[in-house]
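Trainee: Here you go, sequence then predicted model.
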Amino acid sequence: MKPKILMVGPGQGKPGGILALTDALVPVLAQDVDLLYFPTVQRYANSEMGQLSWRNLRLALNQYARFARDLTRFRPDLVHIHTSQGLGWLKDTFYVALSRLYGRRLILHIHAAEYDALVTRRSRLLAAYTRFMMNRAAAVIAVSTEWKKALSRLVPAARIYPFRPCLAVDIYAPPQTRPGLPVNALFLGTIGDRKGAFDLIEAMQFIPERTPLRLWLAGDGEKEGDLEKARRKIAGLGLEDRCELIGIVQGQAKTDLLQQAHIFVLPSYNEGLPFAIIEAMAAGLAIVATPVGGIPEVVHDGQNGLLVTPGDTAALAASLVQLTADSALRQQMGQQNRRTACQELDVRPYARRLVALYKTVLSDSTPSGTTTHTFNAELQPVYLDEE
């Protein structure tokens, strides 16, 4: 009999890496388990997320009531909760509590970008609450080995499993030579400080105007006012002809944009392992990024991309100039990224490995020791535990 899994994640219309992951994963996973997907937030602006308001409180209470109904009607064997950090994580702890109240086994899938925001260090009480709630889970999924190390401060390492994000690689066309000018550099993510969007705009002023580079910034504002701040910065630096704010892109529009780009750039200060980098690899793009979170586990400086220190706008500009001028290097890096995506980041082996974890948890075996070794060894090379 197939295990019954209730998966909690974002609803359609809420852009981001978690939704992109679940969109790819759910139809494949549903072939091997009896899966019910429970959507939480839908069509909700980033600026409204994480705010204490009556509207958010009403939405949360409605979600908890729907979740309790699904627990009662569907009677899952296991609940798999995708969560992040800050107030979003605190809200999701109620799903944890309800799952345990109903006697269901639980997997927490942590997509946080900032450890301090997850643990809420400003309050010892909230930090203790986070530790307590995370330890209600039978297993915790981290998006990288770096995040496994971070989460092991909260949960025993034997219960933490690193799963790099996955996607359906075949929806992205194989990398092709993209002839002609200009060279298109694509930023895909929230426009704000954390992902380095303002640094990227500033870096463009250090790139000579004769350099045939055009920058596309696609995404919503990280917080209210950030998009307008980006527009003012572009205008103030006289970059209107070289920098374009695309807005939110999803589905085929995002895939098309990736196929039209030559370089993917994401100069973040904090990350887990951003899904946008996985998408760029599948699309066969050379990458310019920063060595934060799990990014160095997939982007190796000088091999399939270039890594620069967060906030170093001069180095960021130099890396973009280098890849703009060297089409052979861009193509070489893009081809390497495509091969890695096909071999290690496709959704099908990821789903098999996830089913194996479900069965391990439901078998009442402790996910450690021999069980962990067998579990990791069976389904390589989806993820190499690099400890």
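Mentor: In hand now; what should we look at?
Trainee: what's the single longest helix in this protein?
Mentor: helix 54-74 (DSSP state H).
Trainee: for that one, packing partners?
Mentor: In this structure, helix 54-74 packs against strand 4-9, strand 34-39, helix 86-101, with contacts taken as 3 or more Cβ pairs under 8 Å, 6 or more residues apart in numbering; DSSP states H and E. Bear in mind the C-beta positions are built from the backbone N, C-alpha and C, glycine included.
Trainee: Point out the other helices and strands that the next helix or strand after the longest one packs with.
Mentor: Proceeding N to C from helix 86-101, the next assigned helix or strand is strand 105-110, under DSSP states H and E. Using 3+ Cβ pairs under 8 Å, 6+ apart as the contact criterion, the neighbours of strand 105-110 among helices and strands are strand 78-83, helix 86-101, strand 139-142, helix 347-362.
Trainee: which residues touch the second one?
Mentor: Residues outside helix 86-101 that contact it (Cβ atoms under 8 Å, 6 or more residues apart in numbering) are 8, 49-52, 60, 64, 67-68, 71, 79, 81, 83, 106, 108, 112, 117-118, 120, 126, 129-130, 133, 136-137.
Trainee: re earlier: show me the one of the helices and strands packed on strand 105-110 that comes nearest residue 41.
Mentor: Nearest to residue 41 among the helices and strands packed on strand 105-110 is helix 86-101 (8.5 Å), distances taken as Cβ to Cβ.
Trainee: so the closest one versus strand 34-39, what angle?
Mentor: Between helix 86-101 and strand 34-39, the angle comes out at 140 degrees (axes from the mean of the first three to the mean of the last three Cα atoms, to 10 degrees).
Trainee: Quick one: the helices in this structure, in order.
Mentor: Under DSSP H, the chain gives helices at 17-29, 54-74, 86-101, 115-119, 124-134, 145-151, 197-204, 226-236, 251-260, 275-282, 313-325, 327-344, 347-362, 369-378.
Trainee: so where's the stretch 1-150 of the chain uncertain?
Mentor: Low-confidence segments of the stretch 1-150 of the chain (pLDDT under 70): 13-14, 42-53, 56.
Trainee: What's the per-residue pLDDT of the residue lying farthest from the centre of the chain here?
Mentor: The C-alpha centroid of the chain is most remote from residue 210, which lies 34.9 Å away (Cα atoms, centre = their mean). Looking at residue 210, its pLDDT reads 93.
Trainee: Next, find the distance separating residue 167 from residue 334.
Mentor: As defined by Cβ to Cβ, to the nearest Å, residue 167 lies at a distance of 16 Å from residue 334.
Trainee: Then residue 272?
Mentor: Counting by Cβ to Cβ, the gap from residue 272 to residue 334 is 24 Å.
Trainee: Kindly report the same for residue 185.
Mentor: Distance from residue 185 to residue 334, by Cβ to Cβ: 13 Å.
Trainee: And residue 167 and residue 334? Which one has more around it.
Mentor: More crowded of residue 167 and residue 334, by other Cβ atoms under 10 Å: residue 334, with 27 against 22.
Trainee: Excluding sequence neighbours, find me the nearest residue to that one.
Mentor: residue 284 (4.1 Å; Cβ to Cβ, 6 or more residues apart in numbering).
Trainee: quick one: the one you found from residue 190, how far?
Mentor: 24 Å.
Trainee: of the two, who's got more company?
Mentor: Using other Cβ under 10 Å, the more surrounded residue of residue 284 and residue 190 is residue 284, with 26 against 19.
Trainee: Verify the contact between the more buried one and residue 339 for me.
Mentor: No - look at residue 284 against residue 339 with Cβ atoms under 8 Å: they stay out of range, at 9.1 Å.
Trainee: In contact with residue 140, which residues are there?
Mentor: By Cβ under 8 Å, 6+ apart, the contact set of residue 140 is 107, 108, 109, 110, 134, 151, 155, 159, 160, 161.
Trainee: Let me have these in a markdown table, adding neighbour count and distance to residue 261 as columns.
Mentor: Formatted as a markdown table, the contacts of residue 140 follow (neighbours: other Cβ atoms under 10 Å; distance: Cβ to Cβ, whole Å):
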| residue | neighbour count | distance to residue 261 |
| --- | --- | --- |
| 107 | 24 | 35 |
| 108 | 30 | 34 |
| 109 | 24 | 29 |
| 110 | 25 | 29 |
| 134 | 22 | 37 |
| 151 | 24 | 33 |
| 155 | 19 | 38 |
| 159 | 21 | 39 |
| 160 | 25 | 34 |
| 161 | 23 | 32 |
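Trainee: Residue 37: which of those residues is nearest?
Mentor: residue 109 (13.1 Å).
Trainee: what's the closest non-adjacent residue to residue 278?
Mentor: Excluding its sequence neighbours, the residue lying closest to residue 278 (Cβ to Cβ, 6+ apart) is residue 165, at 4.8 Å.
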